[in-house]
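Asks: heads up, no residue letters with this:
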RNA sequence: GACCCUAUGGUCUAGCGGUUAGGACAUCUCCCUUUCACGGAGAUAGCCCGGGUUCGAUUCCCGGUAGGGUCGCCA
């Protein structure tokens, strides 16, 4: 029998990076086994839920490329879904829950208490067989000893998480529950409920949690806790996916950069690690650089243009060949797309602000005659291509008796405003003779006499 | 407080009853180079502590410590 797994987030308005990894592991397992990946929205808390909050989840999963075989098609809880075990919003499944509760009440497995309904929890320790952790024997805690029974239907008429989660897993024929380790202890309750419904519980696989870089627990407030911050910062989904795969799972053969299809081929539950992992932003950045460098031109242009637009720079005002030529000088030189406007905005702006520290060093009186001579040399060039520019600059340096760096650094600053950037000769070629000379001219006006 | 899970360099990890404990990120040095990035060469750095089992434990067992989780009419 092919496994059926599910990702069952609650729409709170954001998608936790740990939740994204849970979704990823479920998706990987389904794809590896040829099973079914179900997306179910646990929106029982009506006051807190909204279509926008659901969209955050759907968009996050889509961005990562984690497609679901069954689940909602839109954020509308009453809207259409795909799959034959729907609806896939818990808010639409209320009748099922009430029926199940009736059943438990009639068999005296649950009872009313102060307007709520409580489940008669077994007093015996419960064995939780876990595919990652192994067999876990979970006895009652001291507080639970006092009152082991727990509420399954609130006095306001809302069924609680433990109940609806179990009922849906049961009715959706979920075979493997892959979820965060924070649910491990609660699994005893879930197993007891499955037994009360006369059904064998699914297989469980509890995966370790993701912690902050300093080892503290990652809460909503922590930077980087939300998946969308990575999208907003200009990360590539393939980099995020790759990194997430490496957190708590290992291909075991020293592979670091590994494609999604290779992971699908290798992924299995026993390889999941048992201990929590700290989120290493630097390593994610490294992977980002790896993937950014091998982007196809078309995708690179698209992401770059979008990044500029987000920063208020409309590249559509420039000829397409100019935009492409400008972007070509940047590819592989930066990592995050939201860094691009600062890195290469000079191509699309007329007024530059010079980086103060660099300007202090470069725009000094002794550089005035040097830049003047270089400006004249550039002005006389018949063809303003990178090779000619390089030759002209080197010849000028030789004539002046200085190292090329003496000319290069002030020229770069004059042309871009920054001490760092794309290859100088290539960026000047893209800017063209007129702009290049004009920018040197402008820089000369900055130099004190 | 009780219960549960976990423990290899700073971080992610591989590994094993006997290994020069492997890789990656980060850090440092050097090379390449117009800057940055890339690439190349090298360096620093690790088996949480204490018992036990064993000829021999990083590896197996127990205890401690530390981190994380759970014990809600939150999910």
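Replies: Ah, there it is. Because the structure is a prediction, the values reported are computed rather than measured. Numbering: from 1, shown residues only, chains lettered A, B, ... in the order given.
Asks: next one: residue A:35 from residue A:83, what distance?
Replies: Per C-beta to C-beta, to the nearest Å, residue A:35 is found 13 Å from residue A:83. Bear in mind the C-beta positions are built from the backbone N, C-alpha and C, glycine included.
Asks: wait, residue A:265
Replies: From residue A:265 to residue A:83 the distance is 26 Å (C-beta to C-beta).
Asks: contacting residues around stretch A:281-288?
Replies: A:213, A:224, A:235-236, A:239-240, A:242-243, A:246, A:256-257, A:335-336 (C-beta atoms under 8 Å, 6 or more residues apart in numbering).
Asks: residue A:265 and residue A:83: which is more packed in?
Replies: Set side by side, residue A:265 and residue A:83 show more neighbours around residue A:83, with 17 against 13, by other C-beta atoms under 10 Å.
Asks: what sits against the more buried one?
Replies: Contacts of residue A:83 (C-beta under 8 Å, 6+ apart): A:38, A:69, A:70, A:71.
Asks: okay, and the beta partners of the closest residue to the second one other than its chain neighbours?
Replies: The one in question is residue A:69. Excluding the flanking residues, the one nearest residue A:69 by C-beta to C-beta, 6 or more residues apart in numbering is residue A:36, at 4.7 Å. Counting by DSSP bridges, residue A:36 forms beta bridges with residue A:4.
Asks: doesn't residue A:55 make contact with residue A:41?
Replies: No - judged on C-beta atoms under 8 Å, residue A:41 makes no contact with residue A:55 at a distance of 10.8 Å.
Asks: the more surrounded of those two?
Replies: Under the criterion of other C-beta under 10 Å, the comparison of residue A:41 against residue A:55 puts residue A:41 first, with 26 against 16.
Asks: and residue A:424, what does it touch?
Replies: A:408, A:411, A:412, A:415.
Asks: residue A:323 too?
Replies: A:301, A:305, A:315.
Asks: after the helix or strand that contains it, next one along is what?
Replies: Using DSSP states H and E, residue A:323 sits in helix A:320-328. Counting by DSSP H and E, the next helix or strand C-terminal to helix A:320-328 is helix A:340-344.
Asks: flag every buried residue along that next one.
Replies: Using 16 or more other C-beta atoms under 10 Å as the test for burial, helix A:340-344 gives A:340, A:341, A:343, A:344.
Asks: and that helix, how far out from the chain middle?
Replies: 22 Å (C-alpha atoms, centre = their mean, to the nearest Å).
Asks: what's that helix in contact with?
Replies: Against helix A:340-344 from outside (C-beta under 8 Å, 6+ apart): A:234, A:304, A:307-308, A:310-311, A:313, A:326-327, A:329-330, A:333-334, A:418, A:420-422.
Asks: and RNA strand B, which of these contact it?
Replies: Counting by C-beta under 7 Å from any atom of the strand, the subset of the contacts of helix A:340-344 that neighbours RNA strand B consists of A:333, A:420, A:421, A:422.
Asks: just the buried members of those?
Replies: A:333, A:421, A:422.
Asks: which residue does the stretch 151-300 of chain A bring closest to RNA strand B?
Replies: Relative to RNA strand B, the nearest point of the stretch 151-300 of chain A is residue A:275 (2.7 Å; C-beta to the nearest atom of the strand).
Asks: got the contact list for the closest residue to that residue other than its chain neighbours?
Replies: Distance criterion C-beta to C-beta, 6+ apart; nearest residue to residue A:275, sequence neighbours excluded, is residue A:208 at 5.6 Å. Residues counted as contacts of residue A:208 (C-beta under 8 Å, 6+ apart) are A:181, A:248, A:272, A:273, A:274, A:275, A:276, A:277.
Asks: need the residues you listed in a markdown table with secondary structure, can you?
Replies: Output for these, formatted as a markdown table (DSSP: H, G, I helix; E, B strand; the rest coil):
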| residue | secondary structure |
| --- | --- |
| A:181 | helix |
| A:248 | coil |
| A:272 | strand |
| A:273 | coil |
| A:274 | coil |
| A:275 | coil |
| A:276 | coil |
| A:277 | strand |
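Asks: so for stretch A:401-416, what gets flagged as buried?
Replies: A:406, A:407, A:408, A:409, A:410, A:411, A:412, A:413, A:414, A:415, A:416.
Asks: does the last one touch residue A:349 like I think?
Replies: By that I understand residue A:416. No - Residue A:416 is beyond contact range of residue A:349, at 9.9 Å (criterion: C-beta under 8 Å).
Asks: tell me where chain A has strands.
Replies: Using DSSP state E, the strands of chain A run over residues A:4-7, A:36-39, A:71-72, A:81-82, A:110-113, A:116-119, A:126-130, A:134-138, A:150-153, A:176-180, A:203-207, A:210-211, A:277-278.
Asks: can those go into JSON lines with extra columns for mean neighbour count and mean pLDDT?
Replies: Formatted as JSON lines, the strands of chain A follow (neighbours: other C-beta atoms under 10 Å; pLDDT from 0 to 100):
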{"stretch": "strand A:4-7", "mean neighbour count": "25", "mean pLDDT": "98"}
{"stretch": "strand A:36-39", "mean neighbour count": "23", "mean pLDDT": "98"}
{"stretch": "strand A:71-72", "mean neighbour count": "24", "mean pLDDT": "96"}
{"stretch": "strand A:81-82", "mean neighbour count": "18", "mean pLDDT": "92"}
{"stretch": "strand A:110-113", "mean neighbour count": "15", "mean pLDDT": "95"}
{"stretch": "strand A:116-119", "mean neighbour count": "20", "mean pLDDT": "96"}
{"stretch": "strand A:126-130", "mean neighbour count": "17", "mean pLDDT": "95"}
{"stretch": "strand A:134-138", "mean neighbour count": "12", "mean pLDDT": "93"}
{"stretch": "strand A:150-153", "mean neighbour count": "21", "mean pLDDT": "96"}
{"stretch": "strand A:176-180", "mean neighbour count": "22", "mean pLDDT": "96"}
{"stretch": "strand A:203-207", "mean neighbour count": "22", "mean pLDDT": "96"}
{"stretch": "strand A:210-211", "mean neighbour count": "20", "mean pLDDT": "92"}
{"stretch": "strand A:277-278", "mean neighbour count": "16", "mean pLDDT": "94"}
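Asks: a markdown table please, covering those strands and showing distance to RNA strand B.
Replies: As requested, those are arranged in a markdown table below (distance: least, C-beta to the nearest atom of the strand, whole Å):
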| stretch | distance to RNA strand B |
| --- | --- |
| strand A:4-7 | 12 |
| strand A:36-39 | 14 |
| strand A:71-72 | 15 |
| strand A:81-82 | 18 |
| strand A:110-113 | 6 |
| strand A:116-119 | 4 |
| strand A:126-130 | 8 |
| strand A:134-138 | 4 |
| strand A:150-153 | 4 |
| strand A:176-180 | 8 |
| strand A:203-207 | 8 |
| strand A:210-211 | 6 |
| strand A:277-278 | 4 |
